[in-house]
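Engineer: Here is my input; please provide its structure:
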Amino acid sequence: MLCSAAWLLAQTPPPVPLPPLPAQAPPKGAQPDRVVNPDGSITMKVPIGPSFAQVPPDRVIVSVGDLTITAKQFDEITDGIQDQYKAFVKGPGRKQFADQLVKVLTLAQEGKRRKLDATSSFQSQVMYQTDQALANLTFQAITKEAKIDDAALHTYYDAHKAEYEKLHARHILIRMHGSTVPVKPGGKDLSDEEALAKAQDLETRIKAGEDFSKLAGAESDDTGSALNGGDLGTFAHGSMVPSFDEAAFKLAPGQVSEPVKSQFGYHIIKVESKETKSFEEMKPEIEKKLGPEEAKKSMEVLEKNTKVFYDPEFFGMAKQ
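Structural biologist: Sure, this is the predicted structure:
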């Protein structure tokens with residue numbers, strides 16, 4: 001019953017909705033993460049949610065009637081939760097999940113009292129749920145055992161090499177009318193043509209030798225990065241809006257772009273440095289990505305070598 005408790009949460013009673021994590025004050029001593037927003041501004045994120053004490057795995061942490069659940073069993077149950085909920089139920093939603101588990105087990109014990117566990121319907125559902133859990137574990141085991149040769153790993157790495165690039169860049173943003181970036185105090189709401197002309201002028205001045213950082217501090221409408229000379233920090237592909245991303249990753253270190261238009265305005269981009277993770281650095285991640293594909297191939301072999309029968313009349317299939 002414990003193995004299928006997580007699955008039962010999707011049945012009766014209805015599961016308690018998992019709300020978005022609440023915003024909380026940064027825990028004392030927490031180290032914030034630097035995040036580059038699509039408009040180039042910088043925000044800081046900190047870990048949220050309560051911390052939990054480590055307890056012995058055999059400690060009983062929940063009891064329902066005569067049934068007890070240890071910390072180890074609770075972890076094993078939550079290991080079976082869908083990935084998008086797993087972090088929540090193992091973290092800030094731990095007690096909420098336990099409350100729902102108690103409801104499920106309370107109903108299950110009542111079902112035993114009524115001898116519903118002796119019915120054919122129950123036995124059929126248990127068979128499916130048990131086999132489904134076992135199938136999931138088996139697929140995970142096959143995935144872990146999958147051996148991918150270096151040639152396939154190198155092929156994948158070469159095809160996706162651009163995804164492993166990171167840039168350290170600066171930018172100057174000149175907003176235009178309609179941008180979500182606010183007009184600076186005392187500034188003018190420039191038209192598209194005026195914003196482009198100003199950006200082109202700044203490009204000319206930079207390429208003539210003026211200091212990019214100083215111009216960013218004085219002229220950029222991205223006030224967050226302007227304080228740091230337009231510095232956006234280091235970011236990977238897909239971190240910025242598409243037009244910015246495409247232009248930035250085409251630049252070599254030290255190069256300055258022409259004005260690049262986005263929904264925020266016109267950007268002048270300067271790449272400070274570019275780095276690409278090596279094959280050896282990316283090998284574990286690539287193996288993790290390709291593992292499920294190899295497991296699927298193994299599944300196809302298993303299915304091919306397993307005798308299967310479908311009743312054509314029951315399933316409405318054409319008789320062969």
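
Engineer: Pick out the residue nearest the middle of the chain.
Structural biologist: Gln84 (8.7 Å; Cα atoms, centre = their mean).

Engineer: Secondary structure element holding that residue?
Structural biologist: helix 83-90 (DSSP states H and E).

Engineer: Work out the gap between the helix or strand following that helix and the centre of the chain.
Structural biologist: With elements assigned by DSSP H and E, the helix or strand that comes after helix 83-90 is helix 94-113. Computed by Cα atoms, centre = their mean, to the nearest Å, the chain-centroid distance of helix 94-113 equals 30 Å.

Engineer: Also stretch 287-307?
Structural biologist: Here the centre of stretch 287-307 is set off from its chain's centre by 25 Å, with Cα atoms, centre = their mean.

Engineer: Residue ranges in the stretch 51-200 of the chain under the pLDDT threshold?
Structural biologist: Applying pLDDT under 70 to the stretch 51-200 of the chain flags residues 51.

Engineer: tell me which residues of stretch 118-136 are tucked away?
Structural biologist: Residues Gln129 are the ones in stretch 118-136 that count as buried (16 or more other Cβ atoms under 10 Å). C-beta coordinates here come from the backbone N, C-alpha and C atoms, glycine included.

Engineer: helices or strands next to the lengthiest strand in the chain in the packing?
Structural biologist: Taking DSSP state E as the criterion, the chain has its longest strand at strand 265-276. Identification of packing neighbours for strand 265-276 by 3 or more Cβ pairs under 8 Å, 6 or more residues apart in numbering; DSSP states H and E yields strand 165-174, helix 192-207, helix 242-250, strand 260-262.

Engineer: Quick check: buried residues in it?
Structural biologist: Going by 16+ other Cβ under 10 Å, strand 265-276 has these buried residues: 265-271, 274.

Engineer: about what we covered before: pull out the buried positions in the helix holding Gln84.
Structural biologist: Using 16+ other Cβ under 10 Å as the test for burial, helix 83-90 gives 85, 88-90.

Engineer: Which one of the residues you listed is nearest to Gln100?
Structural biologist: Val89 (9.1 Å; Cβ to Cβ).

Engineer: Can you give me the distance of the residue lying closest to the closest one once chain neighbours are set aside to Glu110?
Structural biologist: Closest residue to Val89 apart from its sequence neighbours, by Cβ to Cβ, 6 or more residues apart in numbering: Phe97 at 4.1 Å. Distance, Phe97 to Glu110, by Cβ to Cβ, to the nearest Å: 21 Å.

Engineer: ok, these two, which is more surrounded?
Structural biologist: Phe97 (22 against 11; other Cβ atoms under 10 Å).

Engineer: so the more buried one touches Thr78, yeah?
Structural biologist: Yes - counting by Cβ atoms under 8 Å, Phe97 touches Thr78, with 6.8 Å between them.

Engineer: any common contacting residues for those two?
Structural biologist: Shared contacts of Phe97 and Thr78 (Cβ atoms under 8 Å, 6 or more residues apart in numbering): Val89.

Engineer: Switch the buried residues of helix 83-90 over to JSON lines; also include distance to Phe74.
Structural biologist: What follows is the buried residues of helix 83-90, written out as JSON lines (distance: Cβ to Cβ, whole Å):
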{"residue": "Tyr85", "distance to Phe74": "15"}
{"residue": "Phe88", "distance to Phe74": "15"}
{"residue": "Val89", "distance to Phe74": "10"}
{"residue": "Lys90", "distance to Phe74": "9"}
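
Engineer: Among the residues you listed, list the two that are farthest apart in space.
Structural biologist: Using Cβ to Cβ, the buried residues of helix 83-90 span at most 9.3 Å, a distance reached by Tyr85 and Lys90.

Engineer: Would you mind listing where the stretch 201-320 of the chain has pLDDT under the threshold?
Structural biologist: 320.

Engineer: make it 90
Structural biologist: 236-238, 276-300, 308-320 (pLDDT under 90).

Engineer: And the strands in the chain?
Structural biologist: Under DSSP E, the chain gives strands at 33-36, 42-45, 60-64, 67-70, 165-174, 231-236, 260-262, 265-276.

Engineer: name the helices or strands packed onto the third one?
Structural biologist: Helices and strands in packing contact with strand 60-64 are listed as strand 67-70, helix 71-79, helix 94-113; criterion 3+ Cβ pairs under 8 Å, 6+ apart.
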